[in-house]
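J.: Provide a 3D model corresponding to the input given below.
(2 chains)
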Amino acid sequence: MATSHRNRDKMSTNSRDSMISVEDEADVFEITDFTTASDWERFIARLEEILHEWKLVNHKPHPPAMKDQYSTGSWAEKSEEVIFADFRFTFTYMYLKTGEETNSEVGKQDRKGEDEDVDEDHRTPTVFLDLMNFDNDFPSRTHFLCRWYGLQEFLTLTPVSEKQCIDSESRAKLLLSSASIALGNSACGIPLFVQLQSRWRKLFTGTSLVNGGATVEFEMSHLKRLPSQFCHLAGLLDVFKSKLGCTYISMPPVSVSVRFTYILADWIHGSWPQIPPDFSSSFCDGEVGYGEIDFLPFGACLDPINELHLSCTWPCLSEDMIVENSLYSDLDPLQAPLWSVRLQMTDNPQCLLGDFLNDFLKLSERQESTEEVLKKVMPEADADRDKQNPEISHVLQRLTEPVPALSSVPSLGNVVSSASAKITFRPEDAPIPDELLGKILIYLFPDAKTPNAVHEGKVNSSAKPSSDPAQSASATDSGSETKAPAEHVSDIAAELNKKLKSSPTDSLTHKLSLALCHVNHQFGGLLAVAHLWQEFILEMRFRWENKILLCGIEKGAPNLGSCIVHQKLQMLNCCIECKIKRESSGFGYGPDSLNAHNTPSDALLESTSASSTQNSLHKVGSIASSSGDDEDDEFFECEDDENENPNEEQATAQKISVEAQENARVKKASKSSAEDEVLSTKSDVSQYQDSQTHRPEGRMVSMKNYFLLCTGEQLYIPITQEPSPMTEDMLEEHAEVLAKLGTTAEGSQIRARMQSACLVSDMESFKAANPGCILEDFVRWYSPRDYIVVGENGEDVPMDEVEARSKVEDPDMKEGDNVETESGERVKMTKALQGRLSQRMQIPGNMWVEAWQSARAVPARRQKRLFDDTREAEKVLHYLSSMRPAEVVLHLMPNIVHAAVSKVAGEAAAALVPNARSMLDQLVSRAATLTRSFPLDRNKYREMLRLLELAETISARTTSLRSKFTSNHLASPAQEGKEEEIEGFVTSLLTQGEVSVRGGACGPAGAVIHKMFIAAQRSNNMIMDDEESSDFLDSLYKKPLSRHGSDRRTSSSSNNSGTGSTGTRKNSDLSVPSPTQEVRSSASCADFPPASVREYILRAMVPRPAPYSKVLPQRMYCMLTDGDNRLAGAFTSDSTFQ
Amino acid sequence: MEEQEILTTLKILIIGESGVGKSSLLLRFTDDTFDPEQAATIGVDFKVKTLTVDGNRTKLAIWDTAGQERFRTLTPSYYRGAQGVILVYDVSSKQSFNKLDAWLNELETFSTKQDMVKMLVGNKIDRSNHEVSKEEGLKFARKHHMLFIEASAKTNDGVQCAFEELVEKIIQTPGLWETSGKTIRPGQGGADVSQGQSCYCVI
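T.: Okay, here's the model as predicted:
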């Protein structure tokens, strides 16, 4: 039957033949079954099918789990969906992943000895072993069914929808019996449970068909209130025994395991110390340094540790040995053999750092552009004016406005000036108050405080001079404070700097990120961020236009290992630097008029026609290297200023025509189809060879032992143009353009031409520095391996080889010895004369020759700039100003993450978080991957912030717990020397779920916990902490706590503050330790509150259902708490001898 | 087999002193030709080839660089994101061998992938005047954890083998190309663009 069901799906309706053949086998029932399968049958078949899939058919018994394996081992789960009529169920198999086979064999043999009478023929079924397994009585974390029944594997059937539930008993029975059929058919002994009622009630009924003729019934009752006669062990034993139904005398004693759990929620001596930082004061209070902007909040607002749960366990007692009834109890927590503790953490302790950063990241979801955001607060009239006024004016205003002057009294002049200056806002509308904005800007640009010559000059000439020198001077007074506090340098910090793609922690980018984060948090989010960003961009433009280097941005080409915004700022700095060089010192590149006039003698030497050639040649390079967008070329480029040079006026006409030709050529060239034309143009201009008569210029240094081949003059290395700095995105774009040209020969040719700008520039510089030079001279400097000389044995050898050899031969010959080697040099020069260009350099029309021919003798400073600072600066400024606030946020996230990780690192180190190192390493590596991945992914950053928040919570927990356990109030002489153990206990409490307390109540950790409970109890009962009680405490710890009280019945019952059923209240009274009788009567309060949870496991080996049945394991788990009481029984009955 | 999916696109670099035959090696590999008059590369050049190694079809974007000292301010920008590098020297030039250390330094500085696969190729073994022995090459490669092969672009010895070996090794280092494929978006605007990107994508 099982087989036919399983195959049902595979059979198609038209397989009549096969059906008939089945019929022929005379299994009539099956055929009808097959064709008219009911929902019920289909359900059973499906279950069987799944059981087969999961390989649970003829399931072999497992050995019982080893000690604590339920909590320490790993659990696995498989599930499928099954349908019974229109009712959908999830069919789940939960099981403990068992270890290697050898271990289990041993365990099995052990068990066999005990259970011999239960099962002769077969190995003891897993269920039986599990029910009687004492090693895993109260697992600290596991599935509730496992906890209640002690099972290491089980199946569950749960309705898929929350709304549907099995609420009638008949339905439950039908379901369970159907499932039983499936289990029976599959010879699967794994217990199967069906969920009843609403899901939250966790109410199940189950069954297990054990091989060898026994059935286990799993029953459960779940009650809000338990009748008081059952609220203790005695009552529960009665229930258990009556359920077993054997009233005969020879009933073996029931074995009992008990666990009471006490909850400590009032931390008298260790309440949460964290006070949320007051942002407003730190910012607006003039006294506080600007360094505050660096500050990231940290910690939890609520105590991250909510409760401490102390579980006192009495494992495996005989019912005869322990008494607990309505009047008396042996179950004194102080005498429990096992203590274990777990912490209940606060769900959301409101972590400051996490909230702070998440607020910021949330902005990345906003779509508005900066303008749109700011428009909302911009008065209409002002908006119009804004269009007319150049942006620069309010930047000037901003910079020159002395910060402290605006702080207190809003004088009329003040208001007027801000209204006109900061066009965007009326002062009262500005999201960031003036005063604060000034502070932030000075934090970002500490150098702006120092009155600087350039500044002052510009200020005075600006349209709205509002600066008062006295005020600016006063602004500088506090300049010393502006230095950001030195970053705590540690391994982590170094690692962060190295691994993260962010920016240095003292950089402008970093500061800007933090400042934006702060204004977001305090001044109305998006608007404030947009405002500050706007101000920042204005400042950038101001600095560019006034040639003020950005402070806090390291010089040099963009560091590709930093975030893109930082690279852009570095780029801008390069531009500013270049501009300063170009304009102020008179030394610069580019044929701008200023330079040309300054050096008329140079200009005279230039052949006008050659100049146009050069110009056009460069055009190829520059246009091509800027990936072909030539429209802004005209806009920012000032190369045409050359026309103003009177010496070149006659060339203009010619030049224009050549240029037009060039433009056309470039366009065609980028379509990789105009090679011939390029060449023809080149040959046209190749007639303009450099004259040998010009004066050498732009020499950097002489090249030892090298002389020009034609003239015999010393060869000089020229001053050359530095290659253009590039940011990551430019590089990528550039590489993309190069790659787009394809892999054809033409493509390669164009690629080479595009990149030849640098080569041509170097050639021109070389020519300028070495009048009368030829390509061979150039090659000897530039590509020495392409100059071939005849070696000693007559073979062709690249020049560098010869040199290398001669160095080896002549180790005494040093480069510095000019005089001594004079003759030697001459000899070598002669040798060099015998050399020639390598074969590849001689190819007619190759790029090198071509470039050489077209290159004029122009020193680097008068060449067209390879790096066009104006254009690049404008590009950067455009890039920055076109960013939406959301993009700004996202692009600055790497810096925020950087700052946050180092903050967490510092705090975790301070809090002595256990395993802090591995936690931080993980954070760092996650951050490294995250900041390097592209494109920036908001969700990944959110994930990162979640991790940071977790680390923050862990850190806060550690702080909290440690302060609780090491509070001075808890110290006592007996504790001395035990700090280490307490420390270890705290650590394990933080890292593990449930921790057993070594030595129970008598151990050092136990003693501390005991004191905490006492303190909480006293405060709850309004008892003053007095001398007496501390004496009592001392006496308590001097005496061993092993005495059994005999007269507890007299104990005070005044403590009725406990809530809940009579049972719980009773227990609280009974749990008072006897040595404290007298003291307590004066204090009239128990050490422990009433147990919040009481769990009992009752087990017995009893024949069921009849006295002559097999002896089988019976078990009942009881959990009593306030308002939620549960009895879960597993009763086995013999199905053979009933 | 034509339509077999491309597993990944790999970025390969070819570096080494000028005139050691980098472009010739590449031309031999991609076009199976040899041009004794191969012009000196200016800046960087670029070729694409699809290669099937162990049944994995991979697309190689190979960046050929100029070896001249002066170009070294320009070329390292293209090192970014490369998963494999072929470092070439000329067996008939001791000098080109002696400069290898400098090249490795440069690679260390500018490459973005820590575990990129490096291969050392001794080119021009067709020549008679060997100045660098195979043993020296082997020793260097062992010292720097590189693959090593001697080859000749002219006679087509070992060229194919070198590239195949390199790609196989890269494929065997899954973190090198799998993770990068996930984090980098496929190129927008057709195959031409994605081919052109200095990154790679799993298609």
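J.: Leaving out sequence neighbours, find the closest residue to B:Leu104.
T.: Leaving aside its sequence neighbours, B:Leu104 sits nearest to B:His144 (Cβ to Cβ, 6 or more residues apart in numbering or on different chains; 6.1 Å). Where C-beta positions appear, they are placed from N, C-alpha and C, glycine not excepted.
J.: do the same with A:Leu549
T.: A:Ile576 (5.4 Å).
J.: what does A:Ile440 give?
T.: A:Ile440 sits nearest to A:Ala515 (Cβ to Cβ, 6+ apart), 5.1 Å away.
J.: residue contacts, residue 75?
T.: The chain I'm using is chain A. Applying Cβ atoms under 8 Å, 6 or more residues apart in numbering or on different chains, we find A:Trp75 in contact with A:Met94, A:Tyr95, A:Leu96, A:Lys97, A:Thr142, A:His143.
J.: To clarify, I was referring to chain B.
T.: Per Cβ under 8 Å, 6+ apart, neighbours of B:Thr75: B:Ile15, B:Gly43, B:Val44, B:Thr65, B:Ala66.
J.: Report the two of those residues separated the most.
T.: Distance extremes for these: the farthest pair is B:Ile15 and B:Gly43 at 13.0 Å, using Cβ to Cβ.
J.: Return the distance of A:Thr207 relative to A:Glu746.
T.: 81 Å (Cβ to Cβ, to the nearest Å).
J.: Please say which of those two ends up with more neighbours.
T.: Counted by other Cβ atoms under 10 Å in any protein chain shown, A:Thr207 and A:Glu746 do not tie: A:Thr207 has more neighbours, with 18 against 14.
J.: mind listing the helices for chain B?
T.: B:22-31, B:94-98, B:100-110, B:134-143, B:159-172, B:174-183, B:190-196 (DSSP state H).
J.: Which residues does the third one contact?
T.: Outside of helix B:100-110, the residues that reach it under the criterion Cβ under 8 Å, 6+ apart are B:15-17, B:72, B:76-77, B:79-80, B:85, B:87, B:89, B:116, B:118, B:120, B:140, B:144.
J.: just curious, which of those is nearest to chain A?
T.: Using Cβ to the nearest Cβ, B:Ser77 comes nearest to chain A of the contacts of helix B:100-110, at 5.0 Å.
J.: wait, the closest one sits on A:Glu733?
T.: No. The pair B:Ser77 / A:Glu733 is not scored as a contact, 11.6 Å apart, by Cβ atoms under 8 Å.
J.: which of the two has more neighbours?
T.: Counted by other Cβ under 10 Å, B:Ser77 and A:Glu733 do not tie: B:Ser77 has more neighbours, with 21 against 17.
J.: Relative to A:Arg699, how far out is the nearest residue to that one once chain neighbours are set aside?
T.: Among residues not flanking B:Ser77 along the chain, A:Leu731 sits closest, at 5.0 Å (Cβ to Cβ, 6+ apart). Distance, A:Leu731 to A:Arg699, using Cβ to Cβ: 32 Å.
J.: number of nearby residues for the residue of the stretch 401-550 of chain A found nearest chain B?
T.: Among the residues of the stretch 401-550 of chain A, A:Lys501 lies closest to chain B, at 9.7 Å counting by Cβ to the nearest Cβ. By the criterion of other Cβ under 10 Å, A:Lys501 has 25 neighbours.
J.: and it, what is it in contact with?
T.: Residues counted as contacts of A:Lys501 (Cβ under 8 Å, 6+ apart) are A:Gly561, A:Ser562, A:Cys563, A:Pro894, A:Ala928, A:Thr931, A:Arg932.
J.: helix/strand/coil for the residue nearest to B:Ser77?
T.: On the three-state scheme (DSSP: H, G, I helix; E, B strand; the rest coil), A:Leu731 is labelled helix.
J.: Distance of it relative to B:Ser152?
T.: From A:Leu731 to B:Ser152 the distance is 34 Å (Cβ to Cβ).
J.: go on, A:Glu728?
T.: In terms of Cβ to Cβ, A:Glu728 sits 38 Å off from B:Ser152.
J.: just A:Ser311 next, same as before
T.: The gap separating A:Ser311 from B:Ser152 is 78 Å, by Cβ to Cβ.
J.: buried set for the host helix or strand of A:Met94?
T.: Following DSSP states H and E, one finds A:Met94 within strand A:87-96. For strand A:87-96, burial by neighbour count (16 or more other Cβ atoms under 10 Å in any protein chain shown) applies to A:Phe87, A:Phe89, A:Phe91, A:Thr92, A:Tyr93, A:Met94, A:Tyr95, A:Leu96.
J.: ditto for stretch A:61-69
T.: Buried residues in stretch A:61-69 (16+ other Cβ under 10 Å): A:Pro61, A:His62, A:Pro63, A:Pro64, A:Ala65, A:Met66, A:Gln69.
J.: Quick check: chain neighbours aside, which residue is closest to A:Val701?
T.: Nearest residue to A:Val701 in three dimensions, chain neighbours excluded: A:Ile717, at 5.2 Å (Cβ to Cβ, 6+ apart).
J.: for whichever helix or strand that neighbour is part of, packing partners?
T.: A:Ile717 belongs to strand A:714-718 when assigned by DSSP H and E. With contacts defined as 3 or more Cβ pairs under 8 Å, 6 or more residues apart in numbering or on different chains; DSSP states H and E, the packing partners of strand A:714-718 are strand A:699-707, helix A:756-769, helix A:775-782.
J.: Each with direction, which strands does the first one pair with?
T.: The reference is to strand A:699-707. Strand partners for strand A:699-707, identified by DSSP bridges, are recorded as strand A:714-718 (antiparallel).
J.: So for the longest strand seen in chain A, what gets flagged as buried?
T.: Assignment by DSSP state E gives strand A:305-318 as the longest strand of chain A. Neighbour-count burial for strand A:305-318 flags A:Ile305, A:Glu307, A:Leu308, A:His309, A:Leu310, A:Ser311, A:Cys312, A:Thr313, A:Trp314, A:Pro315, A:Leu317 (criterion: 16+ other Cβ under 10 Å).
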